[in-house]
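K.L.:
prediction below, plus the sequence it came from.
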Amino acid sequence: MLAAATASALLVLGLAAPAIAQDSGGVAWTVKTVDSENGTGRGSFSYDLEPGATVSDAMVVVNTGTVALPLDVYAADAFTTAGGDVDLIADASDSEDAGLWVSVATSEIVLEPGAQAEIPFTLTVPAGAQPGDHAAGLVTSLAGVEASAILSVERRLGARINVRVAGALLPAAQVENVRAAYAASWNPFEAGTLTVDYALRNTGNTRLTGVGAIEAAGPVGLFASRTPAEQLDEVIPGSTIEVRRTLPVSALGWVSGAVVIDPEGVGLGAGQLAPVVTDFSAPAVPWSLVALLAVVAGLVVAAVMLVRRRRAATVEGGPSGTQGQQG
């Protein structure tokens, strides 16, 4: 799904079913890929092309609302947001990649209620295009809305375009900005919680996915813990996602561990890349246990002092010695 871009928001066709936009004012429409020699029942537009190649396709728009529907139509570069959604750059005129490769047959349409239209477009890969994956989106936007206005999520609707240009495919990933923070449990006999935040940047030229896990342990490997491997969001080349994971850790003053990523280039199969391992460490003081030990130590000291005082009092107040009388 395409997420909010600046103050506006988008929906993207990401499944086999049509994507739907609607609001309470009678405005509603759907978009879907056209069935053609390029494919049927497609969830998005995806192409494997040589540099210099051209492909023609179309998107179907249906006015399912009760009022006339004026729409602007355009293409723009896509990227992956920090949260893992696919978004478009805020201003289509700033496109520098696949958004520039798309030529739409019409930039404006008006559909009466119940009407539909095919929007043809042509995608031409530049002769000097770099190998790998390039992403864009073909968008229908409700016309007449100021760019500065706050739009609801139903106001724009589009379909994702994925282009894989032939050549050397070099998937790669980098883990950055790892931050770890330990929160002790209120129960001194329970493990605390370690929260690890990190950024995963796609430094290769293919879309990237994979699985990630967090390993952690106390001093000299005590109380080792590991999260289950979790599927990572797909990341467009050049984009970065932010990930947060938590795991229980019983720590004794310090915890160390690693972010372990098993990356995978989309469509290339698992096991193609070596794991990316990035170490971290953080203070991990079990404050509730420290407090308990302090209380116990205080009680022990108090008990010892009390015993000593009682012994001293017994010695001072005990019977004094007597001398025997001589006849």
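P.N.:
Yep, that arrived. Quantities reported herein were computed from a predicted structural model and do not represent experimental measurements.

K.L.:
could you use CA atoms for every contact and neighbour count after this?
P.N.:
OK.

K.L.:
A274 in helix, strand or coil?
P.N.:
Under DSSP: H, G, I helix; E, B strand; the rest coil, A274 falls in the coil class.

K.L.:
that one: what's its closest spatial neighbour, skipping adjacent residues?
P.N.:
Distances taken as Cα to Cα, 6 or more residues apart in numbering put D262 closest to A274, at 7.0 Å, once the chain neighbours are dropped.

K.L.:
who does the one you found form a beta bridge with?
P.N.:
Assessed by DSSP bridges, D262 has beta-bridge partners V211.

K.L.:
for S281, same thing?
P.N.:
Counting by DSSP bridges, S281 is bridged to S256.

K.L.:
repeat for R244
P.N.:
D197.

K.L.:
was I right to think D97 contacts L88?
P.N.:
No - assessed by Cα atoms under 8 Å, D97 is found out of contact with L88, at 11.7 Å.

K.L.:
identify the contacts common to the two.
P.N.:
Jointly contacting D97 and L88 under the rule Cα atoms under 8 Å, 6 or more residues apart in numbering are D77, A136.

K.L.:
of these two, which one has the most company?
P.N.:
L88 (28 against 17; other Cα atoms under 10 Å).

K.L.:
wait, that one touches A76, no?
P.N.:
Yes - between L88 and A76 there is a contact under Cα under 8 Å: 6.2 Å.

K.L.:
give me the common contacts of these two.
P.N.:
With Cα under 8 Å, 6+ apart, L88 and A76 have common neighbours A136, G137.

K.L.:
so L88 versus F121, what's the distance?
P.N.:
As for L88, its distance to F121 is 18 Å (criterion: Cα to Cα, to the nearest Å).

K.L.:
before we move on, what about T209?
P.N.:
In terms of Cα to Cα, T209 sits 29 Å off from F121.

K.L.:
what of V86?
P.N.:
Applying Cα to Cα to V86 and F121 gives a distance of 21 Å.

K.L.:
so between the two, which is more surrounded?
P.N.:
V86 (26 against 19).

K.L.:
I'd say the more buried one and A135 touch.
P.N.:
No - V86 is beyond contact range of A135, at 9.5 Å (criterion: Cα under 8 Å).

K.L.:
which of the residues in stretch 89-99 are buried?
P.N.:
Residues of stretch 89-99 classed as buried by neighbour count (16 or more other Cα atoms under 10 Å): I89, A90, A92, S95, D97, A98, G99.

K.L.:
contacts only, for the third one.
P.N.:
For A92, the contacting residues are Y74, A75, A76, D77, G99, by Cα under 8 Å, 6+ apart.

K.L.:
kindly report the same for the last one.
P.N.:
Listed by Cα under 8 Å, 6+ apart, the contact partners of G99 are A75, A76, D77, A78, A92, A135, A136, G137.

K.L.:
just the fifth one next, same as before
P.N.:
The neighbours of D97, taking Cα under 8 Å, 6+ apart as the test, are D77, H134, A135, A136.

K.L.:
ok, which pair from those is furthest apart?
P.N.:
The most widely separated members of these, counting by Cα to Cα, are D77 and H134 (8.5 Å).

K.L.:
quick one, which of the two is more surrounded?
P.N.:
D77 (27 against 24).

K.L.:
assign the more buried one to helix, strand or coil.
P.N.:
Taking three-state DSSP, the label given to D77 is strand.

K.L.:
ok, the residue nearest to A274 to V277 distance?
P.N.:
9 Å.

K.L.:
which one of these two is surrounded by more residues?
P.N.:
With neighbours defined as other Cα under 10 Å, D262 and V277 compare such that D262 has more, 21 against 17.

K.L.:
tell me where the stretch 1-150 of the chain has helices.
P.N.:
98-101 (DSSP state H, counting those that start in this stretch).

K.L.:
ranges for the strands of it?
P.N.:
For the stretch 1-150 of the chain, the strands defined by DSSP state E, counting those that start in this stretch cover 11-13, 19-22, 28-33, 45-49, 54-63, 69-80, 86-88, 102-104, 108-111, 116-124, 132-142.

K.L.:
now that A251 has come up, it's in contact with A284, right?
P.N.:
Yes - A251 is in contact with A284 according to Cα under 8 Å; the separation is 5.8 Å.

K.L.:
show me the domain layout of the chain.
P.N.:
With domains defined by automatic domain parsing, the chain comprises 11-165, 173-287.

K.L.:
least confident of those domains, on average?
P.N.:
With a mean of 87, domain 11-165 has the lowest mean pLDDT of the domains of the chain.
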